[in-house]
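Asks: Sequence first, then the predicted structure, then my questions.
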Amino acid sequence: MAKPPPVDSFGAAPHERPVPRISIHAFCEFPDTGAALQRAGGDRRLAKAHLTVQLGGIAAAVEHYNGQVTPNLLIVETRLNGQEALDELDRLAEVCDPATKVIVVGRVNDVELYRELMRRGASEYLVAPLEPLQLIEVISGLYLDPHAAPIGRVVAFVGARGGCGASTLAHNVGWCIAEELGIDTTIVDLDLPFGTAGLDFNDEASQGVADALSAPERLDDVLLDRLLLKRGEHLSLFTAPATLERDYDAVPEAYESVIDAVRQSTPCVILDMPHGWQPWIKNTLLSSDDIVVVATPDLTSLRNAKNIIELVKAARPNDTPPRLVINQVGMAKRPEIPSKDFAETMGVDPAAILSFDPALFGQAANNGQMVMEVSPKSAVSEALRRLCRSLTGRDARSESRGATSLLSFLKGKKSA
């Protein structure tokens, strides 16, 4: 397959950037506005912000801040419109610090009111009822540095049980996105004692992700470039040491810092997560842009995958649900749950169903190659390509037309 030209702009949309550590106070007139704000406040992109919500509208805000310092961002709702709403905002301005940004929520879609509110210093005017994603996008936009470089999308692969093939699929998907879709990609192997990224690509590094985790504050562009293994024009590997002679006791914040550093330099970041459930694993999963859960068609995988998907859905109500991959289907002499029944129990349509093909995967592993290199036209290879297109937003039609550009990850996420 011919390789498309490099993609100049790819990764997370600007509003996908996490909101900085700010204080947000909201004074609502209606319960539905307060509920929308609470749902937005629980989103991963506002995880660093501190949000408090109370009723009373602008009048309550004026009374509360009389003689007190106002927060970084103040969200106020008004029942009024026209001149009455403007007079109410003027009273708020008398107690509001100049550095505080103000979002006004109203019930009237009035262009003239909007223009006048902007002229008087409001940051934004929103018309209720509000949607959590709308609020997140607006808040993120207020604190987005227009000169900041774009950040990459983070896709986490996690196995429902050990031996289900999550690492192998993460490596193959990362290779496909880099080599066949032409997108700069970094695979980060976070299974520090037992990681297989180096083996799968027939590369071993004396330094890697563990060295970055030991001193994340030192991880600048120069050090990151030295720690990464280059594997072709578009693919880089952040390998695990895969040794048992050292202790791996990095704090959760270290993992966050390292992943943030990688996504500053790479449009697509593939996380190969270990099979386990520690605080840093949970935090990393929930903060990723996309999550792929890999399961085999057995009862243990069914239970574990269901638990993971339900937890992720509850914690990330504003995000696309995790993608489910059912792997190793059709293993001889093994009783298994039919894929249709497996998916119905999950409540998620599988993003891919991969047949058990030990000869293909074994040959690829022994050669230090990907399955698409060994057998590019196999059913497994085609299924992996469809998964890559789902994650990146590139569909088969753009490929058949010989398109020279790709859709953003955000479009792929919305269309998934």
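Replies: Received it, and whenever you're ready, just let me know what you need. Residues are numbered from 1 along each chain as shown.

Asks: Could you use CA atoms for every contact and neighbour count after this?
Replies: Will do.

Asks: Just give me the residue right at the centre of this protein.
Replies: In the chain, the C-alpha closest to the average C-alpha coordinate belongs to Asp289, at a distance of 1.0 Å (CA atoms, centre = their mean).

Asks: pretty sure it is touching Gly152, no?
Replies: No - with contact defined as CA atoms under 8 Å, Asp289 does not count as touching Gly152 (9.4 Å).

Asks: all helices of the stretch 301-416 of the chain, in order?
Replies: 339-346, 358-367, 371-374, 379-392, 396-400, 409-415 (DSSP state H, counting those that start in this stretch).

Asks: out of these, which comes closest to Leu130?
Replies: Across the helices of the stretch 301-416 of the chain, Leu130 has its closest neighbour in helix 409-415 (19.1 Å, CA to CA).

Asks: Residues touching stretch 125-137, excluding its own?
Replies: Contacting residues not belonging to stretch 125-137 are listed as 15-16, 32-33, 36-37, 39-40, 45-46, 103-109, 114, 117-118, 318 [CA atoms under 8 Å, 6 or more residues apart in numbering].

Asks: and it, how far from the chain's centre?
Replies: Stretch 125-137 sits 21 Å away from the centroid of its parent chain (CA atoms, centre = their mean, to the nearest Å).

Asks: buried set for it?
Replies: By 16 or more other CA atoms under 10 Å, the buried positions in stretch 125-137 come out as 125-126, 128, 130-133, 135-137.

Asks: Which ones among those residues lie within helices?
Replies: Residues from those lying in helices, with DSSP state H as the criterion: 132-133, 135-137.

Asks: for these, which one is nearest Glu245?
Replies: Nearest member of those to Glu245, counting by CA to CA, is Ile136, at 44.5 Å.

Asks: could you pull out the strands for the stretch 201-350 of the chain?
Replies: 229-230, 235-238, 268-272, 290-295, 323-329, 350-355 (DSSP state E, counting those that start in this stretch).

Asks: now for the longest one, which elements pack on it?
Replies: In this case it means strand 323-329. The contact analysis (3 or more CA pairs under 8 Å, 6 or more residues apart in numbering; DSSP states H and E) places strand 323-329 against strand 290-295, strand 350-355.

Asks: List the residues that contact Lys26.
Replies: Quick fix: residue 26 reads Ala, not Lys. Taking CA under 8 Å, 6+ apart as the test, what Ala26 contacts is 34, 51-54, 74-76.

Asks: got a winner among those for most neighbours?
Replies: Among these, the one with the most neighbours (other CA atoms under 10 Å) is Val76, at 27 neighbours.

Asks: Who are the contact partners of it?
Replies: 26-28, 57-58, 61, 102-105.

Asks: Give me the secondary structure label for it.
Replies: strand (DSSP: H, G, I helix; E, B strand; the rest coil).

Asks: From what I see, Pro350 and Arg323 are in contact.
Replies: Yes - using CA under 8 Å, Pro350 is in contact with Arg323, at 6.7 Å.

Asks: Count the residues that sit near Leu117.
Replies: 20.

Asks: Could you measure from it over to Val104?
Replies: Distance, Leu117 to Val104, by CA to CA, to the nearest Å: 8 Å.

Asks: Please apply the same query to Ala305.
Replies: Ala305 is 42 Å from Val104, by CA to CA.

Asks: sorry, back to before: nearest approach to Asp203 belongs to which of the helices of the stretch 301-416 of the chain?
Replies: helix 358-367 (11.3 Å).
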